[in-house]
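Please work out how this folds:
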Amino acid sequence: MRKVIVGIDIGGTKVAGGLVTPHGRLVKSSIVPTHAEQGFKGSYSQIVNLIESLIQDAGGKEKIIGIGMCAPGPINPKLGSVINPPNLPGWRNVQLERKIHRHFRLPAKVENDANAAGLAEALFGAAAGYRDVFYVTVSTGIGTGIIINRRIYHGKNGVAGEGGHISIDYRSPYRCGCGTLGCIEALAAGPGMARRARVKLEQEHTLPTLLRQMSSGHLSRITSKMIQEAALAHDPFAQSIIDETGFFLGVWLAGMITLLDPEAIVIGGGVSQIGRPLFKKIRETIPQYTINRRFAVKTPILPAKLQKNVGIYGAAALFQLAGEEAEKD
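The predicted model follows:
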């Protein structure tokens, strides 16, 4: 086997790992439970064991270019530390990059998962061929990554790219988990979609919708997945929620185009699986809310390509340029 990169995607329930070639081919992958309930020692042991297994599969340390890791924020990429992710109990100011480097005596890098996913989509995925990309993942939250000249933009303190916490309506009744009113995450992420549907149905008791049956009359059980399924069954109310979600995302992305003028926008995550109706509304809305209307209509809005393996690809992408050089040797 030629030299490969170890990519590790650390999550609250599972750790996914793989061996990726410098040109973005996944040649081996594996998943283990995180064991987050066991605290730092338990989850860290899982990560170390998975890396050891992948190195063995690669044929030894001499075949490894580096170990890339991505984890939920907040992350300090300059120090390679994981600060205090809410879904990883006991992880507080963990110098993960240093610990892994010392353990394996191999180069190691750590990055925020959304940033890493954005880089992966720019290098290997939907936006391959573009240099300046704005990446969005819309699921239980909204994460973003800013890629400039095929590199992650971190900002002065390493915390740039938190686009999900930009407010598009400071008078909104919906407060984000970050404390701000009208963040795009509070309005358009999966829980935000469900909350908007629930509030409207509570206010209009006679409004007909399949969602009442799907939730067995318990509106608190409504999920974004239910909304998607009801919309596919031609439920007008569910379709209106998706339409409104696309409008909110379109207004927000129009602002991102005004600010960044990206070559392409890539949208991934569970909510993006709604597909054509959501993307259609986003594309219709963007030109109405940006100063760069002429350019905005030509900006590709692309569905993410890497999907479930994006974390592995993203972690490996942290060593992609080094890998290209190694392969030339």
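
which residues touch residue 118?
In this structure, residue 118 makes contact with 133-135, 144-147, 152, 161, 266, 314, judged by CB atoms under 8 Å, 6 or more residues apart in numbering. Placement of C-beta: from N, CA and C, glycine included.

before we move on, what about residue 78?
By CB under 8 Å, 6+ apart, the contact set of residue 78 is 154, 158.

Looks to me like it is in a helix.
No. Counting by DSSP: H, G, I helix; E, B strand; the rest coil, residue 78 is located in no helix; its state is coil.

Mind giving me the PyMOL select for the contacts of residue 118, buried ones only?
Here is the PyMOL selection string for the buried members of the contacts of residue 118, based on 16 or more other CB atoms under 10 Å:
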select buried, resi 133+134+135+144+145+146+147+152+161+266+314
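
And the furthest pair within the contacts of residue 118?
Between any two of the contacts of residue 118, the greatest separation by CB to CB is 15.3 Å, found for 134 and 314.

Share the number of residues neighbouring the residue nearest to residue 166 when sequence neighbours are not counted, please.
Spatially, and ignoring its direct neighbours in sequence, residue 166 is nearest to residue 184 (6.0 Å; CB to CB, 6 or more residues apart in numbering). Residue crowding around residue 184 was assessed by other CB atoms under 10 Å; the count is 27.

dump the residue contacts of residue 184.
Applying CB under 8 Å, 6+ apart, the residues contacting residue 184 are 142, 163-168, 248-249, 252.

Distance check, it against residue 244.
Applying CB to CB, to the nearest Å, the value for residue 184 to residue 244 is 13 Å.

Then residue 88?
Using CB to CB, which is the criterion applied here, residue 88 is 33 Å from residue 244.

who has more neighbours, those two?
Each of residue 88 and residue 244 has its neighbours counted (other CB under 10 Å); residue 88 has more, 21 against 17.

Pretty sure the more buried one sits in a strand.
No. When three-state DSSP is applied, residue 88 is found to be coil, with no strand at that position.

Could you measure from it over to residue 237?
Residue 88 sits at a distance of 38 Å from residue 237 (criterion: CB to CB).

related to what we said a few turns ago, how about the contacts of residue 184 in a markdown table, adding distance to residue 210?
Written out in a markdown table, the entries for the contacts of residue 184 read as follows (distance: CB to CB, whole Å):
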| residue | distance to residue 210 |
| --- | --- |
| 142 | 26 |
| 163 | 33 |
| 164 | 29 |
| 165 | 33 |
| 166 | 33 |
| 167 | 32 |
| 168 | 29 |
| 248 | 23 |
| 249 | 23 |
| 252 | 28 |
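
follow-up on the earlier one: in terms of pLDDT, where does the residue nearest to residue 166 sit?
Predicted confidence (pLDDT) at residue 184: the value is 96.

ok, now the one 4 residues further on?
With respect to pLDDT, residue 188 scores 95.

just to revisit the earlier point, let's see which of the contacts of residue 184 end up in strands.
residue 142 (DSSP state E).

Give me the longest helix you can find in this structure.
Among all segments of the chain classified by DSSP state H, the helix with the greatest residue count is helix 236-260.

Buried residues in it, which are they?
When burial is assessed from 16+ other CB under 10 Å, helix 236-260 yields the following buried residues: 237-258, 260.

Could you do stretch 203-216 as well?
Buried, per 16+ other CB under 10 Å, within stretch 203-216: 209-212, 214-215.

for the stretch 1-150 of the chain, which spans come out with low pLDDT?
When the per-residue scores of the stretch 1-150 of the chain are filtered using pLDDT under 70, the ranges that remain are 1.

Show me the strands in it, by range?
Remark: strands of the stretch 1-150 of the chain, listed N- to C-terminal, are 4-10, 14-20, 26-33, 64-71, 75-76, 81-82, 108-112, 133-138, 142-148; assignment by DSSP state E, counting those that start in this stretch.

Report the angle between the fourth one and strand 108-112.
It stands for strand 64-71. Between strand 64-71 and strand 108-112, the angle formed by their directions is 30 degrees, by axes from the mean of the first three to the mean of the last three CA atoms, to 10 degrees.

Please apply the same query to the last one.
Angular relation of strand 142-148 and strand 108-112 on a 0 to 180 degree scale: 120 degrees, by the same axes, to 10 degrees.

could I get the strands of the stretch 1-150 of the chain as JSON lines with distance to residue 271?
Rendered in JSON lines, the data for the strands of the stretch 1-150 of the chain read as follows (distance: least, CB to CB, whole Å):
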{"stretch": "strand 4-10", "distance to residue 271": "20"}
{"stretch": "strand 14-20", "distance to residue 271": "21"}
{"stretch": "strand 26-33", "distance to residue 271": "23"}
{"stretch": "strand 64-71", "distance to residue 271": "20"}
{"stretch": "strand 75-76", "distance to residue 271": "23"}
{"stretch": "strand 81-82", "distance to residue 271": "26"}
{"stretch": "strand 108-112", "distance to residue 271": "20"}
{"stretch": "strand 133-138", "distance to residue 271": "4"}
{"stretch": "strand 142-148", "distance to residue 271": "9"}
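
for these, which one sits closest to residue 190?
For the strands of the stretch 1-150 of the chain, the distance to residue 190 is smallest for strand 133-138, at 7.6 Å, taking CB to CB.

No further questions, thank you.
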